[in-house]
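Student: Sequence first, then the predicted structure, then my questions.
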Amino acid sequence: MNRKILVIEDDPAGLRLVGYTLKKQGYEVITASNGLEGLKKAREEGPDLVILDLMLPGVDGFEICHRLRTEPQTARLPILVLSGKTGEADRDTALKVGANAYLVKPASPSEVIKQVESLLARKAAPGQHADDSSQSTRCSRQ
């Protein structure tokens with residue numbers, strides 16, 4: 001069974017790179033170019049994981065992350081933030097509103113895959129909760 005990953009990213013080049021990297025590893029990729037579209041697809045498509053940019057048009061990634069956490073059907077969905085925001089305050093805020101892991105762009109494709117696999121494994125492990133952000137507070141390239 002292919003795992004389904006929703007990538008919410010407004011930069012077409014970044015979206016292509018992440019999408020290509022995930023597809024190459026056998027993941028099914030769903031995309032959204034803004035936060036509201038991403039919320040809708042998260043509800044309708046039932047992804048196994050979300051990769052979320054913070055700097056989105058309209059509703060930003062912090063708010064999208066918060067909304068995903070407050071809705072019962074998406075509350076336990078693993079969220080990997082992949083953002084150009086390099087500040088520790090941004091990372092801390094993302095984790096506080098519900099992100100499970102945080103990578104700074106440009107993250108290497110191998111690092112993205114490593115985080116995706118780690119979050120999906122944690123989601124599948126008995127007794128583990130996908131929303132336990134205390135276990136994945138990584139930030140590369142500070």
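Tutor: On my side now, so go ahead. Numbers count the residues shown, from 1 in each chain.
Student: Now do the strands in the chain.
Tutor: Taking DSSP state E as the criterion, the chain carries its strands at 4-8, 28-32, 49-52, 79-83, 101-104.
Student: Just the CA trace of the fourth one, in PDB.
Tutor: What that stands for is strand 79-83. Written as PDB, here are the backbone C-alpha positions of strand 79-83 (Å, rounded to 0.1, in the frame of the first residue of the first chain):
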ATOM      1  CA  ILE A  79       3.200  17.300  10.100                       C
ATOM      2  CA  LEU A  80       6.600  18.000   8.800                       C
ATOM      3  CA  VAL A  81       7.300  21.800   8.400                       C
ATOM      4  CA  LEU A  82       9.700  22.500   5.600                       C
ATOM      5  CA  SER A  83      10.300  26.200   5.600                       C
END
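Student: residue contacts, Ile51?
Tutor: Ile51 makes contact with 5-9, 18, 80-82, 112, 116 under the criterion C-beta atoms under 8 Å, 6 or more residues apart in numbering. Using the backbone N, CA and C atoms, a C-beta is placed for each residue, glycine as well.
Student: give me that answer again for 10 Å
Tutor: Contacts here follow C-beta atoms under 10 Å, 6 or more residues apart in numbering; on that basis Ile51 touches 5-9, 15, 18-19, 22, 29, 31, 38, 78-82, 101, 103, 112, 115-116, 119.
Student: burial measure for Glu44, as a count.
Tutor: For Glu44, the neighbour count with other C-beta atoms under 10 Å is 9.
Student: let me fix that: Glu71
Tutor: Counted with other C-beta under 10 Å, Glu71 comes out at 12.
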